[in-house]
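A.B. asks: Could you look at this predicted model? Sequence included:
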Amino acid sequence: MSVIRNRYSTAHLAIPPLTLSSRRCYSITTTTTTTTTTTTPLSPDSHHAWLYVDSVFPIQIARWDLRHYLGLLRSESLLSTIQSTLQSAAVHNFHILSMEPEKKDGGLFIKFSYHLPSDSDHYRVLSEIEHSLKQKSAEQGGLPSWSGIRAANVWLVKGTPWREDMDRYPSPILKIAFEGPDVHEQSLYEILRPYGRIRDLSQPTLVSAGTLRSSTVAFKHIRSATIARNVVHGLDFRPADKEGTPVTRFRTTYQQPIQVHAIRDWMSSHPKIMLPLIVFLLGTLTYTWLRLNALDRFSSDTSSTNIMHAPPETVWKERKDAEAAIRAYLTDMPSTVAFIHGPQGSGKTSMLRAVLGEFNRNILYIDCKELNKATSDSQLVAALASQTGYWPIFTFLNSVNSLIDLASVGLIGQKTGMSSSLTDQLQQILNVVATGLKGVSSSHRADIERRVRRDEERDARRIDEGRKREQIRNGTWHDGRLDCVAGNGVMSELGVGDEVIESPETIIAARSSEHNSNEEKQRKERDAGRRQKTRREMDAVNALPVVIIRNYAAKAGGSKEDLITVLAQWAAMLAENQVAHVIVLSDNRENAKRLTKALPSKPLISIALTDADAASSLSFVKQKLHDAGIDFSYSSDQTAHVERLGGRASDLDSLIHKVQNGLSIKEAVEDIVNRGVGELRKNAFGDDTDDAKALLWTREQAWTILKLLSRKPEAPYHDVLVDFPFKGDERPFNGRPSSIKPGKPVFRWVFAKLVDDKIFQATQDIALNEKLIASAESTVKSCEDELCLLKETMAVEPRAWYNWIIGRKSACRERAKYVSEKMLGAEKKLEGLERRNNELKQVLARGEKL
């Protein structure tokens, strides 16, 4: 047992027993790049020990670290130089037996022999050898290293060398396991501090049975950790003041600064911290994305070639009031929502684009028609996010949360509250978009304020320079900078020149003129201030973006009702807070009810668009064709064909496009009607039976309406409901209309052309008659049953002999008479329908078009 005494430590270190050499002990002679040995015979008094030389080779910190290959290039010369330098130390018969590189740690193990005097102990001798070797290397400027800098040092190995080739790479953190009692923190520090500065040192923690307790030591440099690991591994330690205490053996290993999956494990074990943090980061990312990319969703280009331009005022007077109302709304701070309604194809979008083209405004479009195409809530959320520029979205998370809530209800009887409803998701997206719009408006307004301020400063400089030039011409301008040279006395007149000597009358007149000019100047400044204020107010209005919601309530029902309601509330919020101008386009004025509920205290700005009259339609087509270089005069036949379109803007635009491509007026109108027939057969009747089942109405109902509207422009609503197929079934109609008429004027001609198709007419009439025949047969059957019951009742009905005298009638007989007449009517109707069906079937068999 020996005692180490230095400025860092005072402790008893148990040196492992050294193997004594036998009389015939010789070392094996080998020469490789990793080991150097000698062939000197050992004396009986020789003992063995180990040294460790650090920084000979580069420390390999990972498998991909290729620096250790550089050390191999100088391996032979380094080992030879180190051996010659250390072998020159003649102390206690020091002799190097072998040299074994430890390339991962960048060091070198040296096995040596020494002579132990009879009056000394191992610890003292080994300390003298270590001191002598360090002194010898210091005389040579240090031991050589792979980098060419003599930075290597020699250390006495106090434990047992452990040479391994596993994928355990050095790190500044060293884990020391204790085979025996724990080592006190101070004692461990005193043992390891000579090898380098220690950042931190942890106490042993509780471990499971069979696992060694350990401490973690964090060195400042990785070189210090490699020295400590190779020097103290296998060290047997016993405190100096506890002789009977069992020996503790050190087992050292490297510990990576960041353990594998440590971050993931910590995050998964702290959900209360991580979940709010993730939500906050996602919200920040979403807001940043909106601020940077939401402008891509804005559109100020109103020159699209496939959108019809606004009709000239001279030929379409019906649009003047609507355009004026939109301009007035856009030139004032918003306090309500503008609602533009009119039949589909009436030119709402084209007129709005033409008006917006006069303003340099940012525009955000939201198309409810595209949103209504979504077949699920997740698709609806994704579609709205795509239109507004909201990103990122994780729709699958809400599905997972819904499953968790469902499982929670089954287990504990209540939801966890992790999932969000469709309304909450839509409101979250729109609220973030509103924040982005507010930021866009604020930044645009700030840019305008800076531009106005620069203009004011430029005007002020221009006025000041003009005043200075005028004073210079009059000789009354004084440059104060000359006072620094000429002084403030008489010589200061050099800054002006000769003073102008004027009479008192001239001075009084000049002062009066100056007073008047000052008043005029103040008045102009006040006027300029008012103009600047008005300009700033207009600039503030022009800085606001415009939100356009198209096809509002195009297809309501189910989750789409939530969308329409949320959009109405969001539009009201934008207008009330003066965040943006909001314009809503809809085909039905009844859809304004939702907006009215969202704005109960302020009326909507309602703008209605209707079809043009016949004169405006003819003038519009003629003007457009004239602009395209086509001049002609209407004939009576052409006028009649143009009037079939009824002034609907989309149909007139289609007519103009077809005429420009070479068709005549008659051919273009017929083509529009034929195209409408094809679309009507698909949309009203479906391609097949499966498509027909998905419609909100039956084929019989659609055919009945078509035949009715092909004969007259409109039909009373309540007259349609009194008979089959609408009796008791009002689902095909929305609300309670007063009358039914075609959606577009041209549809009347489309209906007539479809009804005139005898094959299609026969097919639909047969189907309708079959339903009517079934209804009539049901009526006949019910009448027969009732007559049988009345017959049995009349047999037992009491009748007085004087009933015929006073004229009292039998209730059963009167009822039987009524039922008989009803059955007769149903029977005649039944026979007529069957006869008509036979005729129609003959038409289908012959394939005739009568």
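C.D. replies: Thanks, I have the structure now.
A.B. asks: in the stretch 701-850 of the chain, which spans are helices?
C.D. replies: 717-721, 746-755, 758-796, 803-806, 811-846 (DSSP state H, counting those that start in this stretch).
A.B. asks: Which among these is found nearest to residue 576?
C.D. replies: helix 717-721 (37.3 Å; Cβ to Cβ). Any C-beta I mention is one placed from the backbone N, CA and C, and that applies to glycine too.
A.B. asks: helices or strands up against the closest one?
C.D. replies: Packing partners of helix 717-721 (3 or more Cβ pairs under 8 Å, 6 or more residues apart in numbering; DSSP states H and E): helix 699-711, strand 739-740.
A.B. asks: want to try TSV for the ones you listed, with mean neighbour count and mean pLDDT as columns?
C.D. replies: Formatted as TSV, these follow (neighbours: other Cβ atoms under 10 Å; pLDDT from 0 to 100):
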stretch	mean neighbour count	mean pLDDT
helix 699-711	19	85
strand 739-740	14	82
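A.B. asks: can I get these in CSV with distance to residue 624?
C.D. replies: Formatted as CSV, the helices and strands packed on helix 717-721 follow (distance: least, Cβ to Cβ, whole Å):
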stretch, distance to residue 624
helix 699-711, 30
strand 739-740, 33
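A.B. asks: if we can go back for a sec, of all the helices of the stretch 701-850 of the chain, which one is nearest residue 549?
C.D. replies: Of the helices of the stretch 701-850 of the chain, nearest to residue 549 by Cβ to Cβ is helix 746-755, at 26.5 Å.
A.B. asks: now that closest one: mean pLDDT?
C.D. replies: Mean pLDDT, helix 746-755: 87.
A.B. asks: Please renumber the chain so that the first residue is 11 from this point on.
C.D. replies: With the count now opening at 11, the last piece we talked about shows up as helix 756-765.
A.B. asks: Per-residue confidence, residue 261, what does it come out as?
C.D. replies: 92.
A.B. asks: Kindly state the beta-bridge partners for it.
C.D. replies: Judged by DSSP bridges, the bridge partners of residue 261 are residue 187.
A.B. asks: Test my guess that it contacts residue 187.
C.D. replies: Yes. Under the criterion of Cβ atoms under 8 Å, residue 261 makes contact with residue 187 at 4.2 Å.
A.B. asks: any common contacting residues for the two?
C.D. replies: residue 222 (Cβ atoms under 8 Å, 6 or more residues apart in numbering).
A.B. asks: if we can go back for a sec, lowest-confidence stretch among the helices of the stretch 711-860 of the chain?
C.D. replies: For the helices of the stretch 711-860 of the chain, where the average pLDDT is lowest is helix 813-816, sitting at a mean of 61.
A.B. asks: Burial check on the spatially closest residue to residue 245 that is not a sequence neighbour, number of neighbours?
C.D. replies: For residue 245, ignoring the flanking residues on the chain, the nearest one in space by Cβ to Cβ, 6 or more residues apart in numbering is residue 169 at 3.9 Å. For residue 169, the neighbour count with other Cβ atoms under 10 Å is 22.
A.B. asks: which ones are touching residue 169?
C.D. replies: 26, 241-246, 260.
A.B. asks: Now do the strand or helix carrying residue 445: which elements does it pack against?
C.D. replies: Using DSSP states H and E, residue 445 maps to helix 432-484. When contacts are defined as 3+ Cβ pairs under 8 Å, 6+ apart, helix 432-484 sits against helix 281-303, helix 387-398, helix 514-552, helix 569-586.
A.B. asks: averaging pLDDT over each of those, which comes out lowest?
C.D. replies: Among the helices and strands packed on helix 432-484, helix 514-552 scores lowest, at a mean of 62.
A.B. asks: pLDDT weak spots in the chain?
C.D. replies: 11-55, 268-272, 293-328, 404-430, 454-455, 485-546, 564-569, 744-746, 808-818, 858-860 (pLDDT under 70).
A.B. asks: Against residue 124, how distant is residue 103?
C.D. replies: 6 Å (Cβ to Cβ, to the nearest Å).
A.B. asks: same question, residue 616
C.D. replies: Counting by Cβ to Cβ - residue 616 and residue 124 are separated by 108 Å.
A.B. asks: Repeat that for residue 402.
C.D. replies: 71 Å.
A.B. asks: More neighbours: those two, which one.
C.D. replies: Neighbours were counted for residue 402 and for residue 124 using other Cβ under 10 Å; residue 124 has more, 20 against 9.
A.B. asks: Please settle this for me: is the more buried one part of a helix?
C.D. replies: No. If the criterion is DSSP: H, G, I helix; E, B strand; the rest coil, then residue 124 is strand and not within a helix.
A.B. asks: Let me know whether it touches residue 60 as I believe.
C.D. replies: No. Under the criterion of Cβ under 8 Å, residue 124 is not in contact with residue 60, lying 11.4 Å apart.
A.B. asks: Surely residue 228 is within a strand?
C.D. replies: Yes. Counting by three-state DSSP, residue 228 is found in a strand.
A.B. asks: how near is it to residue 237?
C.D. replies: Note on residue 228: its distance to residue 237, by Cβ to Cβ, is 15 Å.
A.B. asks: Over to residue 443?
C.D. replies: Distance from residue 443 to residue 237, by Cβ to Cβ: 61 Å.
A.B. asks: same check, this time on residue 276
C.D. replies: 31 Å.
A.B. asks: Repeat that for residue 849.
C.D. replies: For residue 849, the distance to residue 237 - Cβ to Cβ - is 112 Å.
A.B. asks: who has more neighbours, the two?
C.D. replies: residue 237 (25 against 11).
A.B. asks: Assign the most centrally placed residue in the chain to helix, strand or coil.
C.D. replies: Closest to where the C-alpha atoms of the chain average out (Cα atoms, centre = their mean) is residue 401, at 0.6 Å. What three-state DSSP gives for residue 401 is coil.
A.B. asks: any idea how far it lies from residue 387?
C.D. replies: Distance from residue 401 to residue 387, by Cβ to Cβ: 18 Å.
A.B. asks: Tell me where the stretch 211-360 of the chain has strands.
C.D. replies: Applying DSSP state E, counting those that start in this stretch to the stretch 211-360 of the chain gives strands spanning 224-229, 246-248, 258-265, 348-351.
A.B. asks: Take those and write them to a markdown table, including distance to residue 74.
C.D. replies: Formatted as a markdown table, these follow (distance: least, Cβ to Cβ, whole Å):
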| stretch | distance to residue 74 |
| --- | --- |
| strand 224-229 | 23 |
| strand 246-248 | 37 |
| strand 258-265 | 17 |
| strand 348-351 | 65 |
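A.B. asks: right, so the ones you listed: which one is the most enclosed?
C.D. replies: Mean neighbour count (mean count of other Cβ atoms under 10 Å) peaks for strand 348-351 among the strands of the stretch 211-360 of the chain, with a mean of 23.
A.B. asks: neighbouring strands for that strand, and are they parallel or not?
C.D. replies: Partners of strand 348-351 in the sheet, by DSSP bridges, are strand 591-596 (parallel), strand 615-618 (parallel).
A.B. asks: Could you check how far the helix or strand following the shortest one is from the centre of its chain?
C.D. replies: Tracing the chain past strand 615-618, the next element assigned as helix or strand by DSSP H and E is helix 624-637. Going by Cα atoms, centre = their mean, to the nearest Å, the spacing between the C-alpha centre of helix 624-637 and its chain's C-alpha centre is 47 Å.
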